[in-house]
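Trainee: okay, predicted coordinates and the sequence, questions at the end:
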Amino acid sequence: MKSFLAKLVAKFVDKQNKKWINNPIKTQEKVFEYLMANGRKTRFGKDHHFDKIVSYEDFKQQVAVQDYEGLKSYFDATANGEADVLWPGKPLYLAKTSGTTSGAKMIPLTKDSMPTHIKSARNALLAYIHETGNAEFLNGKMIFLQGSPVLEEKNGINIGRLSGISAHFVPQYLQRNRMPSWETNCIEDWETKVETIVEETQNENMTLISGIPPWLIMYFEKLLDKNKETRVLNIFKNLSLIVTGGVNYDPYRDKMNALIGKKIDSIQTYPASEGFIAYQDSQQSESLLLLLDNGIFYEFIPVEEFFDENPTRIALKDVKLNQDYALVLNTTAGLWGYSIGDTIRFTSLQPYRIIVTGRIKHYTSAFGEHVIAHEVETALQQTIQKHPASIIEFTVAPEVTPAEGLPYHEWLIEFGELPENLEKFEKELDDRMKQLNPYYKDLIDGNVLRTLKIAFVKPNGFQVYMKSIGKLGGQNKVPRLSNDRTIANAFYDLDMIER
């Protein structure tokens, strides 16, 4: 019955979505008008003269692009229980995320923004059902690997991780299918939590598993070890769908397929505490559909201009294909000119589809090369296709002052399976990087840098590192790139590098 009804609902939702997909610019204009109408009622709107804003050009004159620290006084006032600060009324929740320079960030979730998170997660599954006709997974058990749903109340507002908050919104018709138990979800220690999830789920008919790839790998490895099995499908014979988010799935795909035992369908999503931005709406494309009718008005800044004094700042109608943009959000949660820190690239303009290419602050450019996450992930994937191997996790850092020879990029890689010829693998990886980043190629050809070097991370080395900094589990990810040696040196200090 669930699968039958889901197909009917999926057909209806697809028809509704096509209305905004086929009218993208008009849809964004309506979102902008709605945001302005509500923003005028707030302290931020009054401080920034929203009453004088009648166009996007006016808005850019009144509201600067800022990150969390730039808006911190408003966020602090909201967290202190004040109303009408960034959005009318008080937020329903504050989503707690890891901060950069100001400690933990508290992102508001309002009565207008919270439903968009739930609707988008639902619609990602419905889009898959509508395209493939596969809804049988709804009849089995589903794991949602997420943070603790235990919330803290302060000044009349509930505070928690976004994934933990979302656990309170699992629809009633899925509650009996949902795993793990509420009690297990509340376990704070991540390693204990995963081991308990294995105990609870290993004898169940699991059909869908959702979580960020590093969590899933950790869960699958413990599951296989516990059951003395070599493939997950020997345990979960009806597993048919993986739902991921938080990081690019591609670098993990081969490892996941090896653990599962074959390639199964996957849905990539782009949720953030600041808003649910995109999801994969077709199995025919790895790109994600940008959600234009979701209470978010998007702005884009060319990555190469982001740190300029007066960067180009454009709306959706002016974006171009294959240009990396820093993503800026204005939302029904009261975020205004908010730089989320991510970089994206459009792969299609009909409809508007994107890939996430990295973090604006996560890059390697010690020599002016400005290598971004999309480049290192693509280079690694292309290399694996030619020299088969499996990668559990990796990060890249510059070695500016080596003991001898020219500087180089050091790739810290934890392999699941090593390539047959490590020397050829390393050379292929360097060649791919030169093809993807012409500045890197010029530095190699000009004898400013030597070719990259791979440092072999010991088994579970990334888990040990994340645990050492108190960020194992949760929504925490290892940066793909660094512009200094902080992370790399930590691996050496922890003795997690094969000597």
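Mentor: Happy to help now that I have it.
Trainee: go through stretch 69-87 and flag the buried ones.
Mentor: Counting neighbours by 16 or more other Cβ atoms under 10 Å, one finds that the buried residues in stretch 69-87 are 71-72, 74-75, 77-79, 84-87. The way it works is simple: take the backbone N, C-alpha and C, and place the C-beta from them, glycine included.
Trainee: got the end-to-end distance for that stretch?
Mentor: 18 Å (Cα to Cα, to the nearest Å).
Trainee: any idea of the mean pLDDT for it?
Mentor: Over the span of stretch 69-87, the pLDDT mean works out to 95.
Trainee: max pairwise distance over the buried residues of stretch 69-87: which two?
Mentor: Lys72 and Asp84 (17.9 Å; Cβ to Cβ).
Trainee: about what we covered before: CSV for the buried residues of stretch 69-87, including secondary structure and distance to Trp411?
Mentor: CSV is the format used below for the buried residues of stretch 69-87 (DSSP: H, G, I helix; E, B strand; the rest coil; distance: Cβ to Cβ, whole Å):
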residue, secondary structure, distance to Trp411
Leu71, helix, 36
Lys72, helix, 36
Tyr74, helix, 41
Phe75, helix, 37
Ala77, helix, 44
Thr78, helix, 42
Ala79, helix, 40
Asp84, coil, 50
Val85, coil, 45
Leu86, coil, 41
Trp87, coil, 43
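Trainee: closest to Glu136 among those residues?
Mentor: Taking the buried residues of stretch 69-87 together and measuring to Glu136 by Cβ to Cβ, the closest member is Trp87, at 40.4 Å.
Trainee: show me the contacts for that closest one.
Mentor: 38-39, 42, 108, 110, 112-113, 332-334 (Cβ atoms under 8 Å, 6 or more residues apart in numbering).
Trainee: and the residues you listed, which of them are in helices?
Mentor: 38-39 (DSSP state H).
Trainee: could the contacts of Trp87 go into CSV alongside distance to Ser285?
Mentor: What follows is the contacts of Trp87, written out as CSV (distance: Cβ to Cβ, whole Å):
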residue, distance to Ser285
Asn38, 34
Gly39, 35
Thr42, 38
Pro108, 33
Thr110, 32
Asp112, 30
Ser113, 27
Thr332, 28
Ala333, 29
Gly334, 33
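Trainee: which one of the contacts of Trp87 sits closest to Ala167?
Mentor: Nearest member of these to Ala167, counting by Cβ to Cβ, is Ser113, at 17.3 Å.
Trainee: okay, the closest one and Gln323: tell me how far apart.
Mentor: 28 Å (Cβ to Cβ, to the nearest Å).
Trainee: who has more neighbours out of those two?
Mentor: Ser113 (25 against 13; other Cβ atoms under 10 Å).
Trainee: residue contacts, the more buried one?
Mentor: Here Ser113 is in contact with 87, 275, 295, 331-333 (Cβ under 8 Å, 6+ apart).
Trainee: who touches Asn248 in this structure?
Mentor: Counting by Cβ under 8 Å, 6+ apart, Asn248 has contacts 268, 355-356, 373-374, 377.
Trainee: what helix or strand is it located in?
Mentor: Assessed by DSSP states H and E, Asn248 sits outside every helix and strand.
Trainee: thinking again about what came up before, any idea which of the contacts of Trp87 is closest to Gln66?
Mentor: For the contacts of Trp87, the nearest to Gln66 is Gly334 (13.0 Å; Cβ to Cβ).
Trainee: wouldn't that closest one be in contact with Asp84 here?
Mentor: No. Under the criterion of Cβ atoms under 8 Å, Gly334 makes no contact with Asp84, lying 9.6 Å away.
Trainee: anything in contact with each of those two?
Mentor: Joint contacts of Gly334 and Asp84 (Cβ under 8 Å, 6+ apart) are Thr42.
Trainee: ok so, going back, return the member of the contacts of Ser113 nearest to Lys119.
Mentor: Gly295 (9.8 Å).
Trainee: please name the nearest non-neighbouring residue to the closest one.
Mentor: Thr332 (3.7 Å; Cβ to Cβ, 6 or more residues apart in numbering).
Trainee: tabulate the contacts of Asn248 (TSV), appending neighbour count, distance to Val170 and pLDDT.
Mentor: Below are the contacts of Asn248 laid out as TSV (neighbours: other Cβ atoms under 10 Å; distance: Cβ to Cβ, whole Å; pLDDT from 0 to 100):
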residue	neighbour count	distance to Val170	pLDDT
Gln268	23	20	94
Ile355	22	29	92
Val356	21	26	89
Ala373	23	31	85
His374	20	33	84
Glu377	22	31	90
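Trainee: hmm, back to that, of the buried residues of stretch 69-87, closest to Glu428?
Mentor: Leu71 (44.4 Å).
Trainee: now do that closest one against Phe59, distance only.
Mentor: 15 Å.
Trainee: likewise Met256?
Mentor: 42 Å.
Trainee: just the buried ones out of the contacts of Ser113, please.
Mentor: Applying 16+ other Cβ under 10 Å to the contacts of Ser113 flags 87, 275, 295, 331-333 as buried.
Trainee: identify the farthest-apart pair in these.
Mentor: Between any two of the buried ones among the contacts of Ser113 (Cβ to Cβ), the greatest distance is 12.6 Å, for Trp87 and Gly275.
Trainee: any common contacting residues for the two?
Mentor: By Cβ under 8 Å, 6+ apart, the residues touching both Trp87 and Gly275 are 113, 333.
Trainee: okay, stretch 258-275 in PDB with CA atoms only?
Mentor: What follows is stretch 258-275, C-alpha atoms only, in PDB (Å, rounded to 0.1, in the frame of the first residue of the first chain):
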ATOM      1  CA  ALA A 258      32.800  -2.900  -3.000                       C
ATOM      2  CA  LEU A 259      31.400  -3.000   0.600                       C
ATOM      3  CA  ILE A 260      27.800  -3.400  -0.600                       C
ATOM      4  CA  GLY A 261      28.800  -6.000  -3.200                       C
ATOM      5  CA  LYS A 262      27.500  -4.300  -6.300                       C
ATOM      6  CA  LYS A 263      26.400  -0.900  -7.600                       C
ATOM      7  CA  ILE A 264      23.000   0.100  -6.300                       C
ATOM      8  CA  ASP A 265      21.000   3.300  -6.900                       C
ATOM      9  CA  SER A 266      22.000   6.400  -4.900                       C
ATOM     10  CA  ILE A 267      20.500   9.800  -4.400                       C
ATOM     11  CA  GLN A 268      22.800  12.700  -3.600                       C
ATOM     12  CA  THR A 269      21.400  15.600  -1.600                       C
ATOM     13  CA  TYR A 270      22.700  19.100  -0.700                       C
ATOM     14  CA  PRO A 271      21.100  19.900   2.700                       C
ATOM     15  CA  ALA A 272      22.600  22.500   5.000                       C
ATOM     16  CA  SER A 273      21.500  24.100   8.300                       C
ATOM     17  CA  GLU A 274      21.100  27.300   6.200                       C
ATOM     18  CA  GLY A 275      18.700  25.700   3.800                       C
END
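Trainee: next, the distance between the ends of stretch 133-146.
Mentor: So stretch 133-146: terminal residues 27 Å apart, Cα to Cα.
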